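Trainee: Pasting a predicted model and its sequence here:
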Amino acid sequence: MTRTQAYRVLGLTEDADRTEIKSRYRQLMHKLHPDSRSEEKENYPYSAREVNEAYGILVKGKEAKDSFIRKTKESTTSRAEWEAKRQRRQKKNWNAPENPHAYCIRNIYQYVEDADGAVIGEFVITEGKYLWTIEEDFPLFLKSIFECSNRLLHGIEAKFGKSVREEKRLKVQAELTYLLAQQFIDAPEMLGHFAEPGRKKEAEDEIFYFAAMLELMDTVNDMRAGTPLFPAALKQHRLFLKKQSGEAAGYLSLKDDRLYYILVPLLEQKRAMVKIQVAAKQDRANMRGRKRYKNLDFWIKVPKKYAGTFPESIGLQIENLLLSYEKKIHAGSEL
């Protein structure tokens, strides 16, 4: 298979860069997977084997490296011009939905890779009030939100020509970042990307299942499988649980850090209901050492009416936090 044929198999033009090639490859392999029920699987003229071969030629093979080096040497276009062209193409192709009511505009980053596929940095491909999607690396999403919060706080500090002790500022910035992130994550929509088998539908609502963990309180003894647990309180963005008797049990621990920005806000906003019980399958190692854990079965029910919506209270919380920060800086008091 030639490089021209490889581009044809992937359905790309020959000016496609590595990011576009890799993205297209993932899409096709998902659709052509033996377990896929996609209609496009039946209509696509090439097999998964041919897609794999094409990808290997364009990205992983020696021919790709040689072509990259040769084109770089022969090109009369400067590196800056080439980079600008690529960024314009990426910006044009970024089609994530937006939240027009978000408090600020954020950068969208993508990683830069060398010829071997190793990450060597990141660059901004566009900016806007774009929601986070699964295609955007979550660490880069948080980087963009952290920049937004830093910019907002810096504007207040510059207004009064005052600085704040780093540990105090970081505490405010962490809370501001958490609030801003909620304006760029459609939590009800994203649940489906992380839920495990066990998803159900009830009329207008959906129920999602997650395997979670309970970090036990020191005073709690072992609990049997099937023991029901109930929300006790939300403190510092942690969900604390209790037994049916009212005895404190511990707090919820999630296996994917991204879920802390999806599940917990839904509960804080009172837009979801949960059912929690001690799982039948447990790991003995979790009960050894200073910290003890129990595996949990965790179901969350979210009304469909909340999909694509963002509570107005988040914007108010952001404004109140910034106003409080401004007043304390102006007064010269401790935050």
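Mentor: That came in fine, so what should we check first?
Trainee: Poorly predicted segments of the stretch 101-250 of the chain, please.
Mentor: 115-116, 198-204 (pLDDT under 70).
Trainee: one more time with 50
Mentor: Residues of the stretch 101-250 of the chain meeting the criterion pLDDT under 50: none.
Trainee: Could I get the full set of strands for it?
Mentor: 106-113, 119-128, 196-202, 205-216, 228-235, 238-242, 248-254 (DSSP state E, counting those that start in this stretch).
Trainee: Only the buried residues of the first one, if you could.
Mentor: Taking 16 or more other CB atoms under 10 Å as the neighbour-count basis, strand 106-113 is seen to contain the buried residues 106-110, 113. Glycine gets a C-beta too; all of them are placed from N, C-alpha and C.
Trainee: which of those residues lies closest to residue 174?
Mentor: residue 106 (16.9 Å; CB to CB).
Trainee: can you count the residues close to residue 127?
Mentor: 13 (other CB atoms under 10 Å).
Trainee: Just confirm it contacts residue 107, I think it does.
Mentor: Yes - Residue 127 lies in contact with residue 107 (CB atoms under 8 Å); the separation is 5.1 Å.
Trainee: what are the ranges of the helices in the stretch 1-150 of the chain?
Mentor: Using DSSP state H, counting those that start in this stretch, the helices of the stretch 1-150 of the chain run over 3-10, 18-32, 39-43, 48-55, 62-74, 79-93, 138-160.
Trainee: Residue 10 contacts residue 51, correct?
Mentor: Yes - Residue 10 lies in contact with residue 51 (CB under 8 Å); the separation is 6.7 Å.
Trainee: that older thread, by mean pLDDT, show me the worst of the helices of the stretch 1-150 of the chain.
Mentor: Ranked by mean pLDDT, the helices of the stretch 1-150 of the chain bottom out at helix 62-74, which scores a mean of 51.
Trainee: what helix or strand does residue 280 sit in?
Mentor: Assigned by DSSP states H and E, residue 280 falls within no helix or strand.
Trainee: quick one: the closest residue to it other than its chain neighbours and residue 216, what's the gap?
Mentor: Leaving out its chain neighbours, the residue that sits closest to residue 280 by CB to CB, 6 or more residues apart in numbering is residue 225, at 4.3 Å. Here the criterion is CB to CB, to the nearest Å. By it, residue 225 lies 15 Å from residue 216.
Trainee: Repeat that for residue 229.
Mentor: Using CB to CB, residue 229 is found at 11 Å from residue 216.
Trainee: what touches both of the two?
Mentor: With contacts defined as CB atoms under 8 Å, 6 or more residues apart in numbering, the residues adjacent to both residue 229 and residue 216 are residue 249.
Trainee: For residue 54, which residues are in contact?
Mentor: By CB under 8 Å, 6+ apart, the neighbours of residue 54 are 1, 5-7, 9-10, 46.
Trainee: let's go with 10 Å and repeat that
Mentor: For residue 54, the contacting residues are 1-3, 5-12, 21, 24-25, 28, 46, by CB atoms under 10 Å, 6 or more residues apart in numbering.
Trainee: Which pair in those has the greatest spatial separation?
Mentor: It's 2 and 28 that sit farthest apart of those, by CB to CB, at 18.7 Å.
Trainee: what about these two, which has more around it?
Mentor: More crowded of residue 2 and residue 28, by other CB under 10 Å: residue 28, with 23 against 10.
Trainee: Quick one: neighbours of the nearest residue to the more buried one once chain neighbours are set aside, just the number.
Mentor: With sequence-adjacent residues excluded and distances taken as CB to CB, 6+ apart, residue 28 is closest to residue 51, at 5.0 Å. By the criterion of other CB under 10 Å, residue 51 has 22 neighbours.
Trainee: which residues do residue 10 and residue 51 both contact?
Mentor: 24-25, 27-28.
Trainee: Could you report the separation of the nearest residue to residue 261 once chain neighbours are set aside from residue 234?
Mentor: Closest residue in space to residue 261, ignoring its immediate chain neighbours: residue 181 at 5.4 Å, by CB to CB, 6+ apart. For residue 181, the distance to residue 234 equals 16 Å [CB to CB].
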